[in-house]
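Engineer: turn this into a model:
(one chain, ligands or ions: 1)
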Amino acid sequence: MARCCRRGQSAQPKETQAGTGTEMALKVEGMTCAHCVAAVEKALSKMAGVKSAKADLANNMVTVTYDPNTANTADFARAVEQAGYRVVG
Ligand SMILES: [Cu+2]
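Structural biologist: Reported below is the predicted structural model:
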């Protein structure tokens, strides 16, 4: 079995307000294939208050749309790390 996923340390995410819900762009290190993208999206999507998570392998960005009253943004980096990746910005 290919070993494409790695573990890493945490970093501070950036936060921006956008329309309905709040949108946060996370730069995630370690995504190397479609499986990685799916794993990161799944880890974030299943969190309480998260409306959607969209990962872009080309630029290593993950856009999370969430309800700021429900989701704890500090947990996003932790969820990404538990999936085996690292949030770097
Ligand atoms: Cu992968």
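Engineer: what parts of the chain come near the ion?
Structural biologist: Taking C-beta under 5 Å from the ion as the measure of proximity, the chain contacts the ion at C4, T32, C33, H35, C36. Backbone N, C-alpha and C define where each C-beta goes, glycine included.
Engineer: what about the last one, neighbour count?
Structural biologist: Put plainly, it is C36. Using other C-beta atoms under 10 Å, C36 is surrounded by 21 other residues.
Engineer: what are the C-alpha coordinates of the helix or strand hosting it, in CSV please?
Structural biologist: Secondary structure assignment for C36, by DSSP states H and E: helix 34-45. In CSV, the C-alpha atoms belonging to helix 34-45 read as follows (Å, rounded to 0.1, in the frame of the first residue of the first chain):
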residue,chain,number,x,y,z
ALA,A,34,-6.9,12.6,-4.5
HIS,A,35,-7.0,10.3,-1.5
CYS,A,36,-5.4,13.1,0.6
VAL,A,37,-7.9,15.6,-0.7
ALA,A,38,-10.8,13.3,0.2
ALA,A,39,-9.4,12.6,3.6
VAL,A,40,-9.0,16.2,4.5
GLU,A,41,-12.4,17.1,3.2
LYS,A,42,-14.0,14.3,5.1
ALA,A,43,-12.3,15.1,8.3
LEU,A,44,-13.5,18.7,8.2
SER,A,45,-17.0,18.0,6.7
